[in-house]
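Trainee: Below are the sequence and a predicted model for it; my questions follow.
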Amino acid sequence: MILKLKDNCYILKKKHKKMKKRDFLKSLSGLGLSVPVMGRNFERLLTEHEGVSPEALAKNEEFWGEIRSGYVLKPDYINLENGYYCITPQPTFNAFVENIKKINYHGSYYMRNDRFPENTEVRHALAKAAGCLPEEIVVTRNTTESLDTVISGYDWKPGDEAVMAVQDYGAMLDHFDLQAKRYGMVNKRISVPLNPASDEEIVEVYEKAITPKTRLLMVCHIINITGQILPIKKISDMAHKHGVDVLVDGAHAFAHFDYKISDLGCDYYGTSLHKWLSSPLGVGFLYVRKGKAKSLWPIFGDNGYADDDIRKLNHTGTPAVHTDISILNALDYLQKIGIEKKEARLRYIKEYWVSQVRDYPGILVNTPADPKRSCGIANVGIAKMKPGILGKTLLEKYKIWTVPIDGANVHGCRITPNIYTTTEELDVFVKALKELA
Ligand SMILES: Cc1ncc(COP(=O)(O)O)c(C=O)c1O
């Protein structure tokens with residue numbers, strides 16, 4: 001029965017390939033569907049600024065103003081809370097809508113014929129952008145799924161230890177607690193110094209928590225509540241000397257600043273693509289270094305793959321394939337702008353507002369003073385104001401949307417502008433902070 005089904009699929013696939021070449025586009029246009037294209041203005045804008053250095057372009061308000069015009073933004077407030085997820089720009093959004101139409105048009109025919117080849121295409125594109133091998137990456141729903149797959153993939157024994165930070169994301173800390181409850185493993189939590197004298201100071205804090213029983217160290221590539229970027233390569237090298245695996249929470253790193261996973265030296269890496277890649281909601285990826293998949297237990301059973309094949313960790317049932325394939329469109333959008341240019345703009349606007357308030361009486365910036373230790377994310381508090389009140393006042397009095405953080409030694413509002421944010425908007429924010437202080 002199963003074999004017959006597979007055979008049917010194979011025949012259908014061959015027919016479909018033929019159709020694809022000649023008639024597929026025609027059949028779509030007959031239904032009023034079209035193949036997504038980037039807007040001509042967007043293409044022209046990028047071509048015109050191709051040779052400009054990222055640092056020079058970062059300060060070009062006109063350029064970023066045009067990028068902003070490719071977004072549909074709510075006029076009710078200034079959105080400085082892109083850390084939860086980033087709004088999808090119109091070129092990606094339009095492509096996403098076309099993908100929904102395509103999947104709805106084909107129905108299960110798509111699932112039985114094109115789902116896996118297109119998923120492979122997405123994995124290849126992601127691997128190229130992330131700097132790893134296609135066989136080291138799978139598409140997941142988000143960072144939570146990616147990291148929890150690794151955390152619960154260990155065959156934890158009573159007394160085994162894991163190291164992490166109090167500044168890590170709550171859901172992952174909870175998942176480690178769950179393993180402790182279930183298997184009797186032990187979690188050691190350190191606190192990351194905000195203004196270290198050197199990378200080595202941070203590495204030492206992690207190293208001190210390692211014992212002969214430590215098996216896994218989880219570390220944020222960028223801490224979401226402060227925006228602090230951590231020296232992952234140095235932490236990985238140190239951990240490996242002790243025989244400890246390294247799991248990186250890259251929720252806010254991918255498509256935010258430029259790096260290659262292969263340069264980080266870690267064993268596992270998870271991120272959400274609806275954050276800084278600005279994909280439609282509900283996609284992420286999991287990276288497992290070649291050779292490491294075989295020691296992980298999948299959460300969902302799948303006997304279809306070899307023990308060392310990362311895809312064994314990825315069986316979550318029928319996925320939102322239209323969202324998954326839209327990763328290609330989101331990558332295309334990013335690649336057209338260029339990650340170096342995006343990173344430079346995010347760094348520039350962060351420094352633009354932070355430099356105006358860092359030494360202002362009554363204002364506390366909870367982000368490293370060394371600009372290299374952060375990118376677009378920062379955190380700011382008012383000395384005599386609880387973060388919740390600050391967030392509420394910013395919204396109600398100044399129409400500025402942020403998120404209050406009050407824990408893990410951090411007290412303030414997290415500020416996450418995006419590439420559509422203008423310096424004019426940041427001027428409004430700086431003025432508000434100074435008035436409140
Ligand atoms: C550091 C960090 N890790 C993990 C997550 C979870 O991301 P998701 O909800 O997309 O799984 C977040 C979400 O903000 C985060 O900030």
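Mentor: All right, it came through fine. Numbers count the residues shown, from 1 in each chain.
Trainee: my read: residue 163 touches residue 205, true?
Mentor: No. Using C-beta atoms under 8 Å, residue 163 is not in contact with residue 205; the gap is 9.9 Å. All C-beta spots, glycine's among them, are computed from the backbone N, C-alpha and C.
Trainee: Overlap of the contact sets of those two?
Mentor: Residues touching both residue 163 and residue 205 (C-beta atoms under 8 Å, 6 or more residues apart in numbering) are residue 190.
Trainee: More neighbours: which of those two?
Mentor: residue 163 (28 against 17; other C-beta atoms under 10 Å).
Trainee: which element is residue 307 on?
Mentor: Of the helices and strands defined by DSSP states H and E, none includes residue 307.
Trainee: How much space separates it from residue 292?
Mentor: 11 Å (C-beta to C-beta, to the nearest Å).
Trainee: next one: residue 74
Mentor: Using C-beta to C-beta, residue 74 is found at 43 Å from residue 292.
Trainee: Which one's more surrounded, those two?
Mentor: residue 292 (18 against 9).
Trainee: mind listing what the nearest residue to that one once chain neighbours are set aside touches?
Mentor: Of all residues not flanking residue 292 in the chain, residue 267 sits nearest, at 5.2 Å (C-beta to C-beta, 6 or more residues apart in numbering). Contact analysis of residue 267 by C-beta under 8 Å, 6+ apart lists 236, 245, 246, 247, 288, 289, 292.
Trainee: how about the nearest residue to the fifth one, chain neighbours excluded?
Mentor: What sits nearest to residue 288 in space, not counting adjacent residues and going by C-beta to C-beta, 6+ apart, is residue 310, at 5.0 Å.
Trainee: How many residues are close by the one you found?
Mentor: With other C-beta under 10 Å as criterion, residue 310 counts 24.
Trainee: quick one: contacts for it?
Mentor: Residues in contact with residue 310 (C-beta under 8 Å, 6+ apart) are 135, 136, 137, 138, 286, 288, 293.
Trainee: so which of those is the most crowded?
Mentor: Neighbour counts for these, by other C-beta under 10 Å, peak at residue 288, which reaches 28 neighbours.
Trainee: Show me which residues of the stretch 1-150 of the chain sit near the ligand.
Mentor: Selection of the stretch 1-150 of the chain residues close to the ligand by C-beta under 6 Å from any ligand atom yields 142, 143, 144.
Trainee: Can I get the helix or strand hosting residue 127 in CSV? Just the C-alpha atoms.
Mentor: For residue 127, the host element (DSSP H and E) is helix 115-130. The C-alpha trace of helix 115-130 is given here as CSV (Å, rounded to 0.1, in the frame of the first residue of the first chain):
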residue,chain,number,x,y,z
ARG,A,115,7.1,20.0,-0.6
PHE,A,116,10.4,18.2,-0.1
PRO,A,117,12.3,19.5,-3.1
GLU,A,118,11.3,23.1,-2.1
ASN,A,119,12.1,22.4,1.5
THR,A,120,15.6,21.3,0.4
GLU,A,121,15.9,24.5,-1.7
VAL,A,122,15.1,26.5,1.5
ARG,A,123,17.6,24.6,3.5
HIS,A,124,20.3,25.2,0.9
ALA,A,125,19.6,28.9,0.8
LEU,A,126,19.5,29.2,4.6
ALA,A,127,22.8,27.2,4.8
LYS,A,128,24.4,29.6,2.4
ALA,A,129,23.2,32.7,4.3
ALA,A,130,24.1,31.2,7.7
